[in-house]
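# sequence-free structure coming up:
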DNA sequence: ATCCTTACTGAATTACTGTATAGTAAGAGC
DNA sequence: GCTCTTACTATACAGTAATTCAGTAAGGAT
């Protein structure tokens, strides 16, 4: 049939559509947690039909893993690209910047954490990202000038710092007023000052 | 109709039935996360009919809040009952004891955290518990003999410690081998030693 | 032995779940 | 302008969701 009116839908490149769907899904997680992560809601919000998610991601679990990777890439400071002496400051400033340290974003994180145990694809994604995260932070710590008479084991310290950061994020998410960004930064700096000298 | 056979069901006191349903729901959260927290699964596991949860808890949100309170009471060390000089040790030993620091229990915690933002009753419950938790840990820190030439602000330190603990729990839950109990204990002790002297 | 409170059942309601799949059409390449 | 790839729609399917509610019956009280 010859085209009689405007196209019923617009095609995107696979990459663009995937990005759009991930963004919409992420916004849903941020706003309403895992309950918002459904085929219907995501497709309606994106203005596409129900079948498209499966076409691009294979399953909802696939989309969830992709969303995790995207959130990690968008909110975790990229340390590797910086000179070693600036990395720890960049980690703290980046982690607690408004872009990353806000209730919506952290809501999405917590929702994703809650799914890791039950979603194999997500668990793989998490382990991969976490391994490089620990590696990056360890390298940043190891690159610091060692204080005289003190030798530090970078890896466990990096893991502790990451756990502290995760805990601070969790607190801010569950009750923002109980843990504002400034207090969280201060906690990290105190932690590092006490353990690095 | 006169009783012709064994009773079709046994009545419990409201209190006992509530406890049973909370336990069953908790076991579900531990095993399969929030997806397992449904009327059907809980009632089937408890051997009761679908209507009973609503009868006792008003809604699934009510049950969720009750489960949160129960989990807190069962796994968080009770510091108030101890002499002040033992409290911090008790906190660390209790938190990382197998009863509390295992994948199933922590799974339940993470699943509950993921619901706090969307379940008003649960949020209230969390704020209440968290406030007393911070209070208890602050008191335990404040009760320590102050090292000479050092003055510590107990409250922020307590909050930091709690965040570190939460982060360690989260790590263990998401990837137990990456954060065994001993490493977690060590991280807390190092944290305290460095910041308290 | 009967009453009465209330723990409890179980079906109906209404709405939504992810996945499968048959078919449509957009728009780039030729 | 035609063809071809594949992004995309639309519907069917088989479950599963929480909540409502009318009615049943257990078992302590009297």
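Noted; the coordinates are in hand. The structure displayed is predicted, hence computed values, not measured ones.
# ok, the helix or strand bottoming out on mean pLDDT in chain A near chain B or not?
Using mean pLDDT, DSSP states H and E, helix A:120-142 stands out as the lowest-scoring helix or strand of chain A, at a mean of 93. Yes - contact of helix A:120-142 with chain B (Cβ under 8 Å from any Cβ of the partner chain) involves A:123, A:126, A:127, A:130. Just so you know, the C-beta spots here come from the backbone N, C-alpha and C atoms, and that holds for glycine as well.
# Need the three-state assignment for the residue nearest in space to the middle of chain A.
Nearest to the mean C-alpha position of chain A, by Cα atoms, centre = their mean, lies residue A:72 at 3.1 Å. Under DSSP: H, G, I helix; E, B strand; the rest coil, the three-state class of residue A:72 is helix.
# So the closest residue in space to it that isn't next to it in sequence versus residue A:191, what's the distance?
Nearest residue to residue A:72, sequence neighbours excluded (Cβ to Cβ, 6 or more residues apart in numbering or on different chains): residue A:129, at 4.8 Å. Distance of residue A:129 to residue A:191, given as Cβ to Cβ, to the nearest Å: 22 Å.
# Looking at those two, which one has more neighbours?
residue A:191 (21 against 16; other Cβ atoms under 10 Å in any protein chain shown).
# Pull the contacting residues for the more buried one.
Residues near residue A:191 by Cβ atoms under 8 Å, 6 or more residues apart in numbering or on different chains: A:160, A:161, A:164, B:160, B:191, B:194, B:195.
# Residue A:53 is in what secondary structure piece?
helix A:52-57 (DSSP states H and E).
# buried ones in that helix?
Using 16 or more other Cβ atoms under 10 Å in any protein chain shown as the test for burial, helix A:52-57 gives A:52, A:53, A:56, A:57.
# what about that helix, distance to the chain center?
Its chain's C-alpha centre and that of helix A:52-57 lie 22 Å apart, by Cα atoms, centre = their mean, to the nearest Å.
# Any residue of it touching DNA strand C?
Yes - Helix A:52-57 lies within reach of DNA strand C by Cβ under 7 Å from any atom of the strand, at A:53, A:54, A:55.
# what residues does the least confident helix or strand of chain A touch?
For helix A:120-142, contacts defined as Cβ under 8 Å, 6+ apart pick out A:61-62, A:64-65, A:68-69, A:72, A:76, A:79-80, A:84, A:87-88, A:91, A:112, A:115-117, A:152, A:154-155, A:157-159, A:161-162, A:196, B:174-175, B:178.
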